[in-house]
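> predicted model and sequence below, questions to follow.
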Amino acid sequence: MRIVLQRVREARVSVSGKTVASIGPGLVLLVGVGPTDRPEQARHLADKIANLRIFEDQDGKMNRSLLDVGGEVIVVSQFTLFADTRKGRRPSFTDAAQPEIAQPLVDHFTELLVHLGVPTHEGEFGAHMLVEIANDGPVTILLER
(Lines give C-alpha, C1' and ligand atoms only; values in the text may rest on other atoms or scores of the structure.)
Protein backbone atom coordinates (compact mmCIF):
# COMPACT_ATOMS: atom_id res chain seq x y z
CA MET A 1 0.00 0.00 0.00
CA ARG A 2 1.08 3.53 -0.73
CA ILE A 3 -0.43 6.52 0.99
CA VAL A 4 0.15 10.18 0.36
CA LEU A 5 -0.86 11.92 3.59
CA GLN A 6 -1.62 15.63 3.54
CA ARG A 7 -2.36 17.64 6.67
CA VAL A 8 -5.23 19.97 5.83
CA ARG A 9 -7.12 22.89 7.30
CA GLU A 10 -10.09 21.75 5.28
CA ALA A 11 -10.85 19.46 2.37
CA ARG A 12 -13.73 18.39 0.18
CA VAL A 13 -14.34 15.63 -2.35
CA SER A 14 -16.99 16.05 -5.04
CA VAL A 15 -18.33 13.64 -7.65
CA SER A 16 -20.39 15.03 -10.55
CA GLY A 17 -20.76 18.36 -8.74
CA LYS A 18 -22.06 16.78 -5.51
CA THR A 19 -19.99 16.88 -2.31
CA VAL A 20 -19.46 13.33 -1.03
CA ALA A 21 -17.03 14.17 1.81
CA SER A 22 -16.00 17.32 3.64
CA ILE A 23 -13.79 17.91 6.69
CA GLY A 24 -12.23 20.67 8.73
CA PRO A 25 -8.75 20.21 10.20
CA GLY A 26 -7.29 16.75 9.71
CA LEU A 27 -5.81 14.62 6.97
CA VAL A 28 -6.51 13.69 3.37
CA LEU A 29 -5.18 10.23 2.60
CA LEU A 30 -4.62 9.31 -1.04
CA VAL A 31 -4.49 5.50 -0.91
CA GLY A 32 -3.05 3.20 -3.55
CA VAL A 33 -3.24 -0.58 -3.35
CA GLY A 34 -0.87 -3.03 -5.02
CA PRO A 35 -1.81 -6.57 -6.07
CA THR A 36 0.07 -8.22 -3.18
CA ASP A 37 -1.14 -5.88 -0.42
CA ARG A 38 -2.86 -7.51 2.55
CA PRO A 39 -5.01 -6.51 5.57
CA GLU A 40 -1.95 -6.58 7.85
CA GLN A 41 -0.47 -3.68 5.88
CA ALA A 42 -3.71 -1.73 6.18
CA ARG A 43 -3.74 -2.33 9.94
CA HIS A 44 -0.15 -1.14 10.35
CA LEU A 45 -0.76 2.01 8.28
CA ALA A 46 -4.03 2.88 10.01
CA ASP A 47 -2.37 2.69 13.42
CA LYS A 48 0.64 4.66 12.20
CA ILE A 49 -1.54 7.42 10.74
CA ALA A 50 -3.83 7.74 13.78
CA ASN A 51 -0.82 8.14 16.06
CA LEU A 52 1.67 9.97 13.82
CA ARG A 53 2.73 13.17 15.59
CA ILE A 54 2.38 15.74 12.81
CA PHE A 55 0.14 18.35 14.43
CA GLU A 56 1.61 21.27 16.32
CA ASP A 57 1.53 21.58 20.10
CA GLN A 58 1.34 24.86 22.04
CA ASP A 59 5.06 25.47 21.29
CA GLY A 60 4.63 25.06 17.54
CA LYS A 61 6.37 21.67 17.42
CA MET A 62 4.90 18.68 15.60
CA ASN A 63 4.12 16.76 18.73
CA ARG A 64 0.42 15.86 18.56
CA SER A 65 -1.36 13.08 16.72
CA LEU A 66 -4.60 13.03 14.79
CA LEU A 67 -6.23 11.40 17.83
CA ASP A 68 -4.78 14.09 20.13
CA VAL A 69 -6.26 16.96 18.10
CA GLY A 70 -9.57 15.26 17.24
CA GLY A 71 -8.93 15.66 13.51
CA GLU A 72 -10.93 14.07 10.73
CA VAL A 73 -9.84 12.08 7.69
CA ILE A 74 -10.92 11.73 4.08
CA VAL A 75 -9.76 8.52 2.39
CA VAL A 76 -9.44 8.78 -1.39
CA SER A 77 -8.62 5.65 -3.37
CA GLN A 78 -5.99 6.50 -5.98
CA PHE A 79 -4.60 3.75 -8.21
CA THR A 80 -2.35 6.30 -9.96
CA LEU A 81 0.04 6.07 -6.97
CA PHE A 82 1.27 2.88 -8.64
CA ALA A 83 2.06 4.56 -11.96
CA ASP A 84 5.14 3.26 -13.75
CA THR A 85 6.73 6.04 -15.83
CA ARG A 86 10.05 4.36 -16.65
CA LYS A 87 9.18 3.78 -20.31
CA GLY A 88 7.67 6.20 -22.79
CA ARG A 89 5.45 9.12 -21.94
CA ARG A 90 2.25 7.41 -20.93
CA PRO A 91 2.17 5.95 -17.41
CA SER A 92 1.41 2.28 -17.00
CA PHE A 93 -0.86 1.27 -14.14
CA THR A 94 -0.32 -2.49 -14.29
CA ASP A 95 1.34 -2.40 -10.85
CA ALA A 96 -1.94 -1.25 -9.24
CA ALA A 97 -4.33 -3.84 -7.80
CA GLN A 98 -7.47 -4.64 -9.72
CA PRO A 99 -10.65 -3.05 -8.29
CA GLU A 100 -11.91 -6.35 -6.84
CA ILE A 101 -8.74 -6.49 -4.70
CA ALA A 102 -8.27 -2.77 -4.05
CA GLN A 103 -11.77 -1.75 -3.00
CA PRO A 104 -12.17 -4.26 -0.14
CA LEU A 105 -8.72 -3.32 1.20
CA VAL A 106 -9.45 0.42 1.04
CA ASP A 107 -12.77 -0.22 2.79
CA HIS A 108 -10.98 -2.30 5.45
CA PHE A 109 -8.39 0.45 5.96
CA THR A 110 -11.21 2.99 6.40
CA GLU A 111 -12.97 0.76 8.94
CA LEU A 112 -9.73 0.37 10.89
CA LEU A 113 -9.40 4.15 11.20
CA VAL A 114 -12.99 4.39 12.45
CA HIS A 115 -12.32 1.63 15.03
CA LEU A 116 -9.28 3.59 16.22
CA GLY A 117 -11.59 6.54 16.95
CA VAL A 118 -10.84 8.67 13.89
CA PRO A 119 -13.86 10.38 12.26
CA THR A 120 -13.39 9.10 8.72
CA HIS A 121 -15.05 9.97 5.41
CA GLU A 122 -14.48 8.53 1.95
CA GLY A 123 -14.35 9.57 -1.65
CA GLU A 124 -16.18 7.37 -4.15
CA PHE A 125 -14.19 4.34 -5.29
CA GLY A 126 -13.64 4.29 -9.06
CA ALA A 127 -15.31 7.67 -9.65
CA HIS A 128 -13.80 10.77 -11.23
CA MET A 129 -13.38 12.96 -8.14
CA LEU A 130 -12.59 16.60 -7.57
CA VAL A 131 -10.41 16.72 -4.44
CA GLU A 132 -10.02 20.18 -2.93
CA ILE A 133 -7.26 20.37 -0.34
CA ALA A 134 -6.11 23.30 1.77
CA ASN A 135 -2.74 21.78 2.69
CA ASP A 136 -1.66 23.02 6.11
CA GLY A 137 2.06 23.66 6.49
CA PRO A 138 2.39 22.29 3.86
CA VAL A 139 2.74 18.85 5.38
CA THR A 140 2.82 15.99 2.87
CA ILE A 141 4.18 12.56 3.79
CA LEU A 142 4.55 9.39 1.71
CA LEU A 143 3.89 6.15 3.59
CA GLU A 144 4.52 2.68 2.19
CA ARG A 145 4.10 -0.72 3.70
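Sure thing, it's come through. Numbering: from 1, shown residues only.
> which one's the longest helix in this protein?
In terms of residue count, the longest helix belonging to the chain (DSSP state H) is helix 99-115.
> what about this structure, any weak spots by pLDDT?
Residues of the chain meeting the criterion pLDDT under 70: none.
> how about 90 then?
For the chain, the stretches with pLDDT under 90 are 145.
> tell me the secondary structure of the most far-flung residue of it relative to its centre, please.
Distance to the chain centre peaks in the chain at Gly88, reaching 28.4 Å (criterion: C-alpha atoms, centre = their mean). With DSSP: H, G, I helix; E, B strand; the rest coil as the basis, the three-state label of Gly88 is coil.
> output the contacting helices and strands for the longest helix of the chain.
helix 39-51, strand 72-77, strand 120-122 (3 or more C-beta pairs under 8 Å, 6 or more residues apart in numbering; DSSP states H and E). Heads up, the C-betas are built off the backbone N, CA and C, glycines and all.
> now Leu67, nearest residue through space, not along the chain?
Computed as C-beta to C-beta, 6 or more residues apart in numbering, the closest residue to Leu67 that is not its neighbour in sequence is Ala50, at 5.4 Å.
> just give me the neighbour total for that neighbour.
21 (other C-beta atoms under 10 Å).
> can you check Glu122 too?
18.
> contacts only, for the closest residue to it other than its chain neighbours.
Distances taken as C-beta to C-beta, 6+ apart put Val75 closest to Glu122, at 5.0 Å, once the chain neighbours are dropped. Residues near Val75 by C-beta atoms under 8 Å, 6 or more residues apart in numbering: 29, 31, 106, 109-110, 113, 120-123.
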